[in-house]
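Q: Give me coordinates for this.
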Amino acid sequence: MKKQICLDTGIITLLYSKGKPSQITTLFNQIRKDELEAHIVSPIITEAFFQICKLRGKVDAEITIATFLNTYPIKLINLNQSLIIKAGLLKCQHYDELSYNDCFAVAYALNKKLTFHTTEKNLGKILPNLRIKSYIF
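A: Below is the predicted model of the structure:
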């Protein structure tokens, strides 16, 4: 069985940034070749759209996200009651440190025991039980 991972917004935006780290290129090559199974909670796609839109405009964001979803075999995860409650508990416990989208993605990664690929710097201190792969840009 291939390794399953969970991706955060920063990883998607890094993929489409100028001078992206080679680690990101390698990661997404593995995803495209179906060597890794990448899971993304649906609100993360919305946040990635927003970040790209803010930097490059609406049309570029639409094209980029459509291209992303058509290029990479992403397992897009919809919210369900269990995920909503787990994310709500995380937000309640860490309201100053975690955004709502972080809570959704982290809750999913914790529930499924997946490594969370992120650009967030302090998650390991906040959530020591979360398996993290951090990327610096």
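Q: What part of this protein, helix or strand, is modelled with the least confidence?
A: The helix or strand of the chain with the poorest confidence is helix 123-126; it has a mean of 92 (mean pLDDT, DSSP states H and E).
Q: if we look at that one, which residues are touching it?
A: Applying C-beta atoms under 8 Å, 6 or more residues apart in numbering, the contact partners of helix 123-126 are H94, E97, L98, D102, V106, F116, L130, I132, S134. For glycine as for every other residue, the C-beta is placed from the backbone atoms N, C-alpha and C.
Q: who's the residue lying closest to K2 once chain neighbours are set aside bridged to?
A: Using C-beta to C-beta, 6 or more residues apart in numbering and skipping the chain neighbours, the partner closest in space to K2 is E37 (5.4 Å). Taking DSSP bridges as the rule, E37 bridges to Q4.
Q: what about E37, neighbour count?
A: For E37, the neighbour count with other C-beta atoms under 10 Å is 16.
Q: swap in K133?
A: Using other C-beta under 10 Å, K133 has 15 neighbouring residues.
Q: can you pull up the bridge partners for the nearest residue to it once chain neighbours are set aside?
A: Closest residue in space to K133, ignoring its immediate chain neighbours: H117 at 4.8 Å, by C-beta to C-beta, 6+ apart. Under DSSP bridges, the beta-bridge partners of H117 are L7, K133.
Q: didn't K2 look like it was pressed against D34?
A: Yes - taking contacts as C-beta atoms under 8 Å, K2 lies within contact range of D34: 7.2 Å.
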